[in-house]
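Undergrad: Fold the following and give me the result.
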Amino acid sequence: MFLKKYYDLVINTCYEIPTQYKNTTPQYLTASKVSWWNKLDRKQTNMKTCIGFIEFYKNAISLPSPFELTVKYDAKNNKNERTLHWTPDYSFNGPLEYQNYQKNSYAPMVEIHHSDQWGDAFPDMQQFKYVYPWHVEGPKNHNFLVTNNFWQTKKHLQVLNGVLEFYYSHAMNIQFFIENKTQDVIFDYGESPAVLVPLNGKAKYKIHYNYVSAEKWNSLSSGHMFPFYFQKNKYQKFKKADKKFDKKIKEEKKLRKEFRKKFHN
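TA: Numbers count the residues shown, from 1 in each chain. Purely as a prediction, here's the structure:
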């Protein structure tokens, strides 16, 4: 009998309370967690027979909001006059005592990218980013799709889909588009507006959600993305250099194996 292998997915945070409760801990979802699912009659043709829906929730990992967060958007005709506020005004870097590793280290959990970054391609939409206070560590060469969780939240939010990995990059940022109209977007405590879908076949993960000390968090945050933080295309350069290093190690191992084989013969 073969034991099923699980990989570790480690999520560190400087906020303690979310790690103490199941509804704010990232975990595998099931269709039964969707409020309207259990009300469906199994004898009728409905979503209970939809394989795509069922498989999606069997494999999806929740990304629960650690806090109840309200994003207030005030739309104006002039895009330069549009304003975005959020309450409470949490910091990605945690309470003040966690922010002593560098001067002026406050970083908000909600950010905006200027429309110039995508060539003003979406003039009728407004973008914002929910920066989770997480430092995520995952196995090498494992990718995850971040995508919408509409079936559960029923929110009119467009999640900007993307593929993430957590061996080199450790951030969890969820990008959203909303309609360009004055509105409040509320993330309930423990609500998962987006999910992670593993892309490495049948790989399963043990999820560790850890509260870490100020010293540990400051150490993680100081190199939060990857080494060489201020270099252009730093992520791509670091991955390329690491792959070259791996290749050389494999070549050396091969040569040593051939040498030992030749020597013993």
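
Undergrad: In contact with the residue lying closest to residue 30 once chain neighbours are set aside: list those residues for me.
TA: Excluding its sequence neighbours, the residue lying closest to residue 30 (Cβ to Cβ, 6 or more residues apart in numbering) is residue 57, at 5.7 Å. Any C-beta I mention is one placed from the backbone N, CA and C, and that applies to glycine too. Taking Cβ atoms under 8 Å, 6 or more residues apart in numbering, we find residue 57 in contact with 29, 30, 31, 33, 34, 151.

Undergrad: isn't residue 174 right up against residue 192?
TA: No. Residue 174 is beyond contact range of residue 192, at 10.0 Å (criterion: Cβ atoms under 8 Å).

Undergrad: intersection of neighbour lists for those two?
TA: Common neighbours of residue 174 and residue 192, counting by Cβ under 8 Å, 6+ apart, are residue 63.

Undergrad: Of these two, which one has the most company?
TA: Legend: neighbour count by other Cβ atoms under 10 Å for residue 174 and residue 192, higher for residue 192 (23 against 20).

Undergrad: How is the more buried one assigned, secondary-structure-wise?
TA: coil (DSSP: H, G, I helix; E, B strand; the rest coil).

Undergrad: ok, which stretches of the protein are helices?
TA: For the chain, the helices defined by DSSP state H occupy 51-59, 150-153, 214-222, 234-264.

Undergrad: rank those helices by pLDDT, which is bottom?
TA: Lowest mean pLDDT within these: helix 234-264, a mean of 60.

Undergrad: circling back to that earlier point, any idea how far the residue nearest to residue 30 lies from residue 45?
TA: Residue 57 sits 19 Å away from residue 45, going by Cβ to Cβ, to the nearest Å.

Undergrad: Can you get me the start-to-end distance on stretch 46-55?
TA: By Cα to Cα, to the nearest Å, the extent of stretch 46-55 from end to end equals 15 Å.

Undergrad: typo on my end, stretch 174-193
TA: 9 Å.

Undergrad: Now do the contacts for the residue nearest to residue 8 when sequence neighbours are not counted.
TA: Take residue 8 and drop its neighbours on the chain: the residue closest to it by Cβ to Cβ, 6+ apart is residue 206, 5.5 Å away. Shown in contact with residue 206 (Cβ under 8 Å, 6+ apart): 6, 7, 8, 9.

Undergrad: now these in JSON lines, with neighbour count?
TA: Below are the contacts of residue 206 laid out as JSON lines (neighbours: other Cβ atoms under 10 Å):
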{"residue": "6", "neighbour count": "11"}
{"residue": "7", "neighbour count": "14"}
{"residue": "8", "neighbour count": "11"}
{"residue": "9", "neighbour count": "22"}
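
Undergrad: Show me those that map onto strands.
TA: Counting by DSSP state E, the contacts of residue 206 place 6, 7, 8, 9 in strands.
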